[in-house]
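Visitor: Just to be clear, the model below is a prediction. Sequence and coordinates:
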There are 2 protein chains.
Amino acid sequence: MSGDEVFVTPIIKEILEKYRVIWAIGHASALMGWDLEVYMPPAGVKERSAASAELGVLSQKLLLDPEFVSLVEKASEAELANDYERGLVRVLKREIDKMRKIPPEVLREFIKTTGEAQVVWREAKQKSDFSLFKPYLEKIVDLERKIAEYLGYEEHPYDALLDIYEEGVRVRDLDPLFDKLESELRKVIEKVLSEGRYPQWHPLEDLAYRKDDLKELNLATLRLLGYPLGERARLDESAHPFTQSIGINDVRITTRYEGKDFKRSYLAVIHEFGHALYELQIDERLAMTPLASGVSLGIHESQSRFWENIIGRSKAFVTTVYPLIEKYLPFVSGYGPEEVFLYFNVVRPSLIRVEADEVTYNMHIVLRYRLEKSLIEGSMEVSDLPSAWNDLMEKLLGIRPKNDAEGVLQDIHWSMGSIGYFPTYTLGTIAAAQIAEAIEKELGSLDEVIRAKEFGRIRTWLREKIHRWGATYPPKDLLRKAIGSEYSAEPFIKYIRSKYL
Amino acid sequence: MSGDEVFVTPIIKEILEKYRVIWAIGHASALMGWDLEVYMPPAGVKERSAASAELGVLSQKLLLDPEFVSLVEKASEAELANDYERGLVRVLKREIDKMRKIPPEVLREFIKTTGEAQVVWREAKQKSDFSLFKPYLEKIVDLERKIAEYLGYEEHPYDALLDIYEEGVRVRDLDPLFDKLESELRKVIEKVLSEGRYPQWHPLEDLAYRKDDLKELNLATLRLLGYPLGERARLDESAHPFTQSIGINDVRITTRYEGKDFKRSYLAVIHEFGHALYELQIDERLAMTPLASGVSLGIHESQSRFWENIIGRSKAFVTTVYPLIEKYLPFVSGYGPEEVFLYFNVVRPSLIRVEADEVTYNMHIVLRYRLEKSLIEGSMEVSDLPSAWNDLMEKLLGIRPKNDAEGVLQDIHWSMGSIGYFPTYTLGTIAAAQIAEAIEKELGSLDEVIRAKEFGRIRTWLREKIHRWGATYPPKDLLRKAIGSEYSAEPFIKYIRSKYL
């Protein structure tokens, strides 16, 4: 994590010196985003939005400054000293290319439309009325299709959008992946529901907690996992849990406290811890450079899912933290670790993605992937979306939304123009299982490591194989280097089968 | 506070459009400064400092952009529509001029020197060893004298530095002011100490409180005063109390909780409330412009001192909030309002400025003003400073520091290069009394308004006469408009005599 300077080639040093102010704007924007969700007085939103927009435009202007662009282009043809330098140029070229390919007026239109669409989406969801949101989504799909054309693709327009969130992943990879997941998960779900080994509901879901108690449990658990609270990291509260990296030595996670069903807050903390650890374990020598962040949403999600699902929902973990849970949440005592394990692993097909368990979750992504792809390739109209959603939901999970709020309107993502984003949730899920398999090959049974509370060994493995590199390698290369294979569903299917069947 | 657009002239609109990004950087920097003191994990300081420095340089670059400068210059010769527009041009020209007059290499040297000096000052203070700090202070004084020459002045080099913090105030104004204050305050102090009407120590100073209790009292008091907590404003905690305006609708104050002597935290909250109210009551139409801030440090301090001293330490106020104090701090009960009033108004000559009461406080400023002026005009050497400090302290307050830590090294200001800043504390103090006098002329006895809890009437007066204008008028003009006179010591002396004699 320390040692010699990694950036040595003069042109790279020059690029980094010029990049410093772009980094500073990013640092400020990250803090502004965090504060907006956590501490900002609500009336501050107008000024905050205006300031964020100004800084976004400014940052783009600096990135596209001809002098800077020509330096990056020169560097991309130069002999470079190491993988870090090559990664740096790759990341900057990607950013510059994407911005240069989309005409400013299209970008402006996109920002304006999605800004308005988010407001309308909120209202539409509240009223459960898709017709309000429909004209905005039509405009967004139209813009996204244009953007896909500007960005360019080889096989499928949706590839261009996927690549924004997960460098190098294509429809060609995802079609077979999601087909396979659908058929495998369908079998598992049927069996789990009919055999009753895992409950569809647990009494602990209804029990209320005192917020301060759960907060103490969350903090104690984070300390156990090795989160550097109070030195380099924070835990705060927000309406929706999230992680914000403000710097390599300043990473912040949040959770929420709803008053009952403590696993929702607790597992969110472990999930966000996974994201945070990734950012916290990046090589310090990459600080203040474009490499000082997780490389993609898929790899990032692999870290959060690994800690939340594979560690957090395991019997070994529940048994290990049970004394802590009992200490801070006295109402749990008497249930015992076995019951808490079942409570953490309730399997219940539900209409709402964010409430889904690990078995049914990916069906929600199969659904979104297929609908997005159809919209972008033009084989489906936005007006057909609500019924297509409901039909597919019924096919995948056997339940049908009664209204748009619990169907097509449930996610904010489309109103933000984030089409191509959802698949990264599944990529993260399957990569988490791949990583767990690779760790076990080296460290032996994860259960034993967990029971021995040797989380430091897991952290070290993740740091050395994945985290320290930041964005140096594209996701597929990083996976190959770390675990010897690209994204693959097999380990996840194996994991689910062995846990649930 | 609303109504028609105030900026109508095309060139002004053009300036404001270009200024928007400079404002956004200021918004981000304000948040970063606040966060640094309040929530940032300590290890984040290196990246935060680097980001702040980058944004500072960027903001200056944008302000000095030739196109922007020429717009401002053109505007300063154009026919403008109203006082707001004229104020806008005045403020921008001041900022641009100051930056353009100081050569970049001198500014860089100044930033570098003061950056190092603050670190050394901390060590020197801890070891109570002025000799460590001396070479840095010598360099700082030298640089400040250069800066004064670059900025220019008519009568005294110190005028150039004063003007940075308080537009238009000169040595010519301050010499007679501080002479008068010295002689008047000396008489009052002697009499107070000999007559014993106010105690030199109060038992409540030693009583411990539970932090959460005092926090509740602070919040309840802020609500009583009309602070828009949770909507447009916050109260947080930091090592040193301060106010940060992040936007017109996002103003944040802090206080500290030391565990005993609750008035230190409590009166700090009321002090910061005064600063915050100024920022919160600026005309919304000035938002995101250079006029959206208090006009000077002196006027700002008049607001905080008005609320802290004239309201907060009055018998009427103590009597009014006594039930609240008793409710949240049960250990106070039994003392009664009269004793709390005496506790709030202990008069005790002390060596440390920040612990001084309202009677002795300004003697600390007299001392700093005279020493600073001598250093800048070259009539005193830095090496003579410690003994000059101790001699003058003995002359003014009859006590003598035993070491440099409680003498010449006590304040951080000089290490930051803030020479010319201290006098604004006294300007604020005297203006607070002038304002109180003016309010009483219109609203009748302040005591009665306080006892009736009609703080909204005071807020409205302050808003209409002072706050709403932001930085539109220079401080002296603003005072003339608001109260019909410039800075004057008479009302303060009258106030102190009537309260303490």
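Guide: That came through fine. Residues are numbered from 1 along each chain as shown, chains lettered A, B, ... in the order given.

Visitor: Give me the nearest residue to the residue nearest the centre of chain A, chain neighbours excluded.
Guide: The centroid of chain A falls nearest to A:Glu301 when counting by CA atoms, centre = their mean (4.2 Å). Closest residue to A:Glu301 apart from its sequence neighbours, by CB to CB, 6 or more residues apart in numbering or on different chains: A:Gly428 at 2.3 Å. The C-beta positions use only the backbone N, C-alpha and C, and glycine is treated the same way.

Visitor: Quick check: the gap between that neighbour and chain B.
Guide: Distance, A:Gly428 to chain B, using CB to the nearest CB, to the nearest Å: 26 Å.

Visitor: I figured that residue was touching A:Gly298, is that so?
Guide: Yes: A:Gly428 is within contact range of A:Gly298, at 5.3 Å (criterion: CB atoms under 8 Å).

Visitor: Name the residue in the two with the higher neighbour count.
Guide: Comparing A:Gly428 with A:Gly298 by neighbour count (other CB atoms under 10 Å in any protein chain shown), the higher total belongs to A:Gly298, at 27 against 23.

Visitor: ok, how many other residues are close to the closest residue to that one other than its chain neighbours?
Guide: Once flanking residues are discounted, A:Gly298 sits nearest to A:Leu427: 3.4 Å by CB to CB, 6+ apart. Neighbour count for A:Leu427, taken as other CB under 10 Å: 29.

Visitor: Contact partners for A:Thr289?
Guide: Counting by CB atoms under 8 Å, 6 or more residues apart in numbering or on different chains, A:Thr289 touches A:7, A:16, A:19, A:23, A:88.

Visitor: Show me which positions of the helix or strand where A:Arg172 lies end up buried.
Guide: Using DSSP states H and E, A:Arg172 sits in helix A:171-195. Of all the residues in helix A:171-195, those buried under the rule 16 or more other CB atoms under 10 Å in any protein chain shown are A:171, A:173-174, A:177-178, A:181-182, A:184-185, A:188-189, A:192-193.

Visitor: tell me which of those is nearest to B:Met363?
Guide: A:Leu174 (75.7 Å; CB to CB).

Visitor: Surely that closest one and A:Arg370 touch.
Guide: No: counting by CB under 8 Å, A:Leu174 sits too far from A:Arg370 to count as a contact (9.8 Å).

Visitor: so what's the residue of the stretch 401-501 of chain A found nearest chain B up against?
Guide: Proximity of the stretch 401-501 of chain A to chain B (CB to the nearest CB) peaks at A:Gly470, 14.5 Å away. Contact partners of A:Gly470, counting by CB under 8 Å, 6+ apart, are A:87, A:282-283, A:286, A:291-295.

Visitor: now do 10 Å
Guide: A:84, A:87-88, A:91, A:248, A:278-279, A:281-283, A:285-287, A:289-295, A:478 (CB atoms under 10 Å, 6 or more residues apart in numbering or on different chains).

Visitor: again, but for A:Leu31
Guide: A:244, A:246-247, A:250, A:252, B:28, B:31-32, B:34-36, B:39-40, B:44, B:48, B:51.

Visitor: Keep only those of those that are in strands.
Guide: Of the contacts of A:Leu31, the ones assigned to strands by DSSP state E are A:244, A:246-247, A:250, A:252.

Visitor: got JSON lines for those residues, with distance to A:Glu216 too?
Guide: JSON lines is the format used below for the ones in strands among the contacts of A:Leu31 (distance: CB to CB, whole Å):
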{"residue": "A:Gln244", "distance to A:Glu216": "23"}
{"residue": "A:Ile246", "distance to A:Glu216": "25"}
{"residue": "A:Gly247", "distance to A:Glu216": "27"}
{"residue": "A:Asp250", "distance to A:Glu216": "23"}
{"residue": "A:Arg252", "distance to A:Glu216": "19"}
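
Visitor: Strands along chain A, start to end?
Guide: So, for chain A - with DSSP E - the strands run A:233-237, A:243-247, A:250-255.
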